[in-house]
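1. Let's see this in three dimensions:
(chains A and B)
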Amino acid sequence: MSEAKKIKPPLTESDVQLLKAADRVLINGTIYTARDMAHRRLCMAIESGGELPFRLEGAIIYFVGPTPARDGRVIGSAGPTTSARMDAFSTKLIANGLKAMIGKGYRDQNVREALQKYSAVHLSTIGGAGALLSKHIVAAEVIAYEDLGAEAIRRLEVVDFPAVVAYDCYGNSIYEQESVN
Amino acid sequence: MRHIEFAKVVTTVGSLCISAAYELGDDVLGALKDAAERESNPGATEILEQLLENARIAKKERIPLCQDTGLAVVFAEQGSDVAIKAEGGKTLFDAINEGVASGYERGYLRKSVVGEPLKERKNTGTNTPAIIHHWIVPGGSLKISVMAKGGGCENRSKFRMFKPTADRGEIIEWVVEVVQQAGADACPPFVVGVGIGGDFERCCFLSKLALLRDLREQNRDEYYAELEADMLSAVNSLGVGPQGLGGDTTALAVVVEWGSCHIASLPVAVNIECHSHRHRQAII
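-> Prediction:
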């Protein structure tokens, strides 16, 4: 098995072009969380010309809604949620500079085409391993949409956060089957 | 008539919610270990071992197994000789909901319930109301089972009305199709709950009730035990594998519950459950 590639956001086009489907990556630095409702709000902000809560250019978004942190800890359990629910929003975010997403499961044709057109990648990490993955998160802070609770946007600092390239910017996928939903 | 204190139900339900979120049952751990040993795909073995490592970390460091600590689905089997002692017109259902709210708060679990589904989708902040199934059984005790059901796998569950003349082969084929469509999205390896018979809503209930069975136990009926084995082998020949990345282990188990039905009907429901199969029970 090949050695994992270290990546650090903000990602450039050439960073993304080095990543191929099935590559293992270890992410270090700042990433942002967003799930369904946060995606809807981000897209509405883009459409209305409003300000976004973080800089989208080169950013990595992690599809996660963590459990509450115990006292003295930075975060609770924090594994990926189903990527497909974000399909309708991701294309717009990719067109506006988003370079990578982390989730679980398949992406639709529109997202896969956007990854190629704008040089971005979709990463997959282990669904249902939220305890293990939380060990790679060293800081967390809610930065927007606090009213959404677990679904609020958080800025996370991660250390060697493990993922695999599920869809690269060349149209390749790690999955043998495509989304059928 | 035996009386059970309202507060006893509240604390019992709360504790069940917490232990379900932090500790996998021995049956699920055993099934994951067996699968890791049997796998011919090294990548799949590695993922299964990471899931076991996740379970060890969750238990030892008190971090929930999964960030989706679920909708609380509660099954209450109330003995006919048991009454709940409560004041102010409160019922067993109130006790269960109070227990869920306190367990999810005390246990640092995620509150994943919106009070209304379409207009505003506002989070209730308590993980209530729980989904409560209640029925009366003979005897003097109250059995409560709590299942923490994740949204990702629930979203991939399906229901279908077959013709009453359909044979078992057609049903196996459809169950396999549902599992394939769930694929990587719903966190395989799955536990596949199958309800056969009943009516529209009873059938779906049966598919969820099936998931309460200890995975080390066989179906009580030989015909259905064999059906489960055939379904499992058909599902595992798909090659979807852990996380959808290939392997022999697409499901850890298929569990079937059946019920009587109309002469015109053969309803079948498939309730997809992820590998983080979390449920606990207590008898008061």
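
2. okay, now A:Ala4: neighbour count?
-> The local packing of A:Ala4 (other Cβ atoms under 10 Å in any protein chain shown) involves 15 other residues. (Each C-beta comes from the backbone N, C-alpha and C, glycine too.)

3. Chain neighbours aside, what residue packs nearest to it?
-> In space, and not counting its chain neighbours, A:Ala4 is closest to A:Arg24: 4.0 Å by Cβ to Cβ, 6 or more residues apart in numbering or on different chains.

4. which residues pair with that neighbour across the strands?
-> Counting by DSSP bridges, A:Arg24 forms beta bridges with A:Val164.

5. you'd agree it is up against A:Ile7?
-> No. With the criterion set as Cβ atoms under 8 Å, A:Arg24 and A:Ile7 do not qualify as a contacting pair; they are 10.7 Å apart.

6. that older thread, I'd like the distance between the residue nearest to A:Ala4 and A:Lys6.
-> Relative to A:Lys6, A:Arg24 is positioned 10 Å away (Cβ to Cβ, to the nearest Å).

7. just A:Arg107 next, same as before
-> Using Cβ to Cβ, we find A:Arg107 at a distance of 24 Å from A:Lys6.

8. In terms of packing, which of those two has more residues around it?
-> Neighbours of A:Arg107 and A:Lys6, each counted by other Cβ under 10 Å, are more numerous for A:Arg107; the result is 25 against 11.

9. which ones are touching the more buried one?
-> A:Arg107 makes contacts with A:Ser83, A:Ala84, A:Asp87, A:Ser90, A:Leu115, A:His122, A:Ala166, A:Tyr167, A:Ser179, as judged by Cβ atoms under 8 Å, 6 or more residues apart in numbering or on different chains.

10. Make a markdown table out of these and add pLDDT and distance to chain B.
-> Formatted as a markdown table, the entries for those read as follows, by pLDDT from 0 to 100; distance: Cβ to the nearest Cβ, whole Å:
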| residue | pLDDT | distance to chain B |
| --- | --- | --- |
| A:Ser83 | 97 | 8 |
| A:Ala84 | 96 | 6 |
| A:Asp87 | 97 | 11 |
| A:Ser90 | 98 | 15 |
| A:Leu115 | 98 | 17 |
| A:His122 | 98 | 12 |
| A:Ala166 | 98 | 9 |
| A:Tyr167 | 98 | 12 |
| A:Ser179 | 60 | 8 |
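
11. Report the separation between A:Glu47 and chain B.
-> 20 Å (Cβ to the nearest Cβ, to the nearest Å).

12. How many neighbouring residues does that residue have?
-> For A:Glu47, using other Cβ under 10 Å, the count is 9.

13. Next one, pLDDT for it please.
-> According to the per-residue confidence, A:Glu47 scores 96 in pLDDT.

14. Tell me how far B:Ile196 lies from chain A.
-> If you measure B:Ile196 against chain A using Cβ to the nearest Cβ, the figure is 24 Å.

15. go on, B:Val74?
-> When distance is defined by Cβ to the nearest Cβ, B:Val74 is 20 Å away from chain A.

16. residues near the single nearest residue of chain A relative to chain B, how many?
-> Scanning chain A for proximity to chain B using Cβ to the nearest Cβ identifies A:Gly105 as nearest, at 3.5 Å. Number of residues near A:Gly105 (other Cβ under 10 Å) recorded here: 29.

17. roughly how far apart are it and B:Cys274?
-> Looking at A:Gly105 against B:Cys274, where the rule is Cβ to Cβ, the gap reads 11 Å.
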